[in-house]
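I would like the atomic coordinates for the input below:
(one chain, ligands or ions: 1)
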Amino acid sequence: MKAQKEFEIQFQPLGKRVSVPEGASVLEAARQTGLDLNSACGGEGSCGQCQVVLLSGAAAPANSDEEFLIPQSDRQHGYRLACCIRVQDNLTVHLPKESLITGQRLQVESNLKTIPPDPLVHAYLAELDAPSLEDVRADLNRLKDALERQSQLRDLQARARVIQDLSPVLRENKWKVNVFIKDREILSICSPSQRALGLAVDIGTTKVVATLVDLQSGENLGTAGIPNPQLSYGEDVISRLSYVVRNIQGRQLMSGLIRQALNELLDELLHQAGAKREQVVEACLVGNTAMIHLLLGYPVRQLATAPYVAASSDAIDVPAEWLGLALAAGANVHIPPSIGGFVGADHVAMVLASDLDISDKVSLGIDIGTNTEISLRLPGSKVLHAVSCASGPAFEGAHIRDGMRAASGAIEKVRIYDNTVLLTTINQVPAVGICGSGILDTVAELYRNGYLNRNSRFQTTYSAVRVGEQGPEFLLVSADQSGSGRDIVITQKDVNEIVLAKGAIQAGMQILLEATGTRAEAVQEVIIAGAFGSFLNIHNAIEIGLFPLLPNAQYRQVGNAAALGAMWILISRSARERARQISRMTRYLELTTFPKFHRQFALAMLFPESVDA
Ligand code: FES
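You can find the predicted model right below:
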């Protein structure tokens, strides 16, 4: 059999090297070295985010996708799509900063209230008699007897994994230990000074945010976030599900990636708090339906295509060990129930933490992301209504020529006065691209200043609108001023992407109102959650029609409510029950079943005529 040729790929400026077989893509090579390149389309050659510069080595000429997505001027300087280069020689490749996922600003906090704990796990101090020739009871029996005598606890159970650690821990602590127990089950045995901790996690499509919590006091001991490592297999849920359907190892790979990310976050949090993993006895994980399926290794073929059916939407408790999570020996992981379609446990958590389910106002709760979930609360009604819209990743910088996530150098605020562009970048460094809030501002400013008409077409009569390789475009930062050495522009195609996203969200909100017979004037409050939602300029969002005109509504930006909801469910038995109620009381409406949806969507893509926001 002929041996397959291998070639070495060197990635600059990091100096990482990897050998890959002939025919592998440069994107695959980057993944092998642990370099996360932006790749919203999952390597399909359609998002244009995995751009690299080919410095040396032979490669086939740019294909039609590359010709379409990379301006000729950049191609002349060696810009290529990493997913389109098939390796047939040793290559040296430069990775531009804007192509790398690292360094994303993550919304890890919420500005909502906290709740008093109603713990599921309790700590009991146990003092045991040391064994002797006259008293040879087994260590576990000795512990149970002490707990019965001192704390009136009977019929306790312990898994074999917990017993594996028992004998040394009792002896090291001289027969005085802290025992963490949930519903008669011994979860962990620690020294008397150690407290019971829990981990609350929001597994978002783009980021994973975890909080370490004291289970008795509810105290937040630290929060950390990292980009979702599945991002290099597709930015939106459908790309990732399709990857799993197409690749036999995909299910295991996706599950492994997220489990590894959870363990990394836990390590970081334990280090920050000076705590030990045997103290972490409970976790609560939330995420949309796809994220939970990928974590648990549920089948996804039926979820990837209409009518998007979950394998299960029930709450589930599994041993942490089963998920490969390095928590305490007997720790459990709780995953709250989801609602329907892609509206998952994260939306349940968001509704819970924002008190949408018990609000006395007519309220819309909206969590803007690659998939946007919206719920409507009508006071007095026993039912919440929810929809989900495929808003796409444009507000996260994907499918935008110079788009990037909210990382250092991203343009985040834009104003245009008298043809002068005023902008702010994250960390006030030279601009390398533009993130969601900056894109929204730019489109609103372009419309407000007449550069775009109601149909979102550039008005080429303005001298500031020039013709680029992809048609009309507006220059935000020239190459000599930017941090990437390239012009940063907003193209007509970028505007079209934003219009599609905002149209989907506005239409979703309108259909939800219509389906429930709710007038726009009746809406009193709009609660906006999520990272992009926290940084967006509400006035501009209304101006371009991201939200329909709701003349009496107050807007509240609440930050990462899903992460806070996960924390509530972790520390409180009553919050856990309320999450179950929310899932039961929420009626999921599938937008595409509404005959008016497509017309509404088309109308929602127009910019509003005039707004008094
Ligand atoms: S174009 Fe290469 S990953 Fe999307």
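
C-alpha from now on. contacts and neighbour counts both.
OK.

for the residue nearest the centre of the chain, which non-adjacent residue is closest in space?
Centroid-nearest residue in the chain: Gly204, 2.1 Å away (criterion: C-alpha atoms, centre = their mean). What sits nearest to Gly204 in space, not counting adjacent residues and going by C-alpha to C-alpha, 6 or more residues apart in numbering, is Gly287, at 5.9 Å.

what sits against the residue nearest to the centre of the chain?
Residues counted as contacts of Gly204 (C-alpha atoms under 8 Å, 6 or more residues apart in numbering) are Asn228, Gly287, Asn288, Met291.

what's the neighbour count on the closest residue to the first one other than its chain neighbours?
In other words, Asn228. Nearest residue to Asn228 in three dimensions, chain neighbours excluded: Lys207, at 4.5 Å (C-alpha to C-alpha, 6+ apart). Residues lying near Lys207 (other C-alpha atoms under 10 Å) number 20.

distance of the residue of the stretch 501-613 of the chain found nearest the ligand from Lys596?
In the stretch 501-613 of the chain, the residue that lies nearest the ligand is Ala501 (18.5 Å; C-alpha to the nearest ligand atom). In this view, Ala501 and Lys596 are 18 Å apart by C-alpha to C-alpha, to the nearest Å.

what about the residue of the stretch 251-400 of the chain found nearest the ligand, how many neighbours?
Per C-alpha to the nearest ligand atom, His399 is where the stretch 251-400 of the chain lies closest to the ligand, at 8.8 Å. Using other C-alpha under 10 Å, His399 has 24 neighbouring residues.

how about it, what does it touch?
Applying C-alpha under 8 Å, 6+ apart to His399 gives the contacts Ala40, Cys47, Gly48, Gln49, Pro393, Asp494, Glu497.

now the last one. Its backbone dihedrals?
I take that to be Glu497. Backbone geometry at Glu497, expressed as degrees, to the nearest 10, gives phi -60, psi -40.

ignoring the adjacent residues along the chain, who's closest to it?
Ala394 (6.3 Å).

I'd say that neighbour and Ser437 touch.
No. Using C-alpha atoms under 8 Å, Ala394 is not in contact with Ser437, being 10.5 Å away.

what's around the residue nearest to Glu497, how many residues?
Count around Ala394 with other C-alpha under 10 Å applied: 28.

among the contacts of His399, name the ones that also lie close to the ligand.
Ala40, Cys47, Gly48, Gln49 (C-alpha under 6 Å from any ligand atom).

which pair of the residues you listed spans the longest distance?
Ala40 and Gly48 (8.3 Å; C-alpha to C-alpha).

against Gln150, how distant is the residue sitting furthest away from the middle of the chain?
Within the chain, the residue lying farthest from the chain centre (C-alpha atoms, centre = their mean) is Glu134, at 58.7 Å. Using C-alpha to C-alpha, one gets 22 Å for the distance from Glu134 to Gln150.

could you give the bridge partners of Glu473?
Beta-bridge partners for Glu473, by DSSP bridges, are Arg466, Thr491.

surely it and Val467 touch.
Yes. Using C-alpha under 8 Å, Glu473 is in contact with Val467, at 6.0 Å.

between these two, which is the more surrounded one?
Glu473 (23 against 13).

got a list of what the more buried one touches?
Taking C-alpha under 8 Å, 6+ apart as the criterion, Glu473 is in contact with Phe458, Val465, Arg466, Val467, Val489, Ile490, Thr491, Gln492.

out of these, which is nearest to the ligand?
Among the contacts of Glu473, Thr491 lies closest to the ligand (C-alpha to the nearest ligand atom), at 17.5 Å.

and the closest one, what's its pLDDT?
Note on Thr491: pLDDT of 94.

so it is in contact with Leu476, correct?
No. In this structure, Thr491 is not within contact of Leu476 by C-alpha under 8 Å, at 10.4 Å.

got the residues of this structure near the ligand?
Going by C-alpha under 6 Å from any ligand atom, the residues of the chain near the ligand are 39-50, 81-83.

by pLDDT, give me the weakest of those.
Among the residues of the chain next to the ligand, Ala40 has the lowest pLDDT, at 70.

count the residues that sit near the residue nearest to that one when sequence neighbours are not counted.
Of all residues not flanking Ala40 in the chain, Glu235 sits nearest, at 3.9 Å (C-alpha to C-alpha, 6+ apart). By other C-alpha under 10 Å, 24 other residues sit near Glu235.

can you check the one 5 residues further on too?
Arg240 has 28 neighbouring residues, counting by other C-alpha under 10 Å.

now it: closest residue in space that isn't a chain neighbour?
Nearest non-adjacent residue to Arg240, counting by C-alpha to C-alpha, 6+ apart: Gly234, 5.2 Å away.

whichever residue of the stretch 401-550 of the chain sits closest to the ligand and Ala444: what is the separation?
Closest contact between the stretch 401-550 of the chain and the ligand, by C-alpha to the nearest ligand atom, is at Arg401 (11.4 Å). Remark: distance between Arg401 and Ala444 (C-alpha to C-alpha) = 18 Å.
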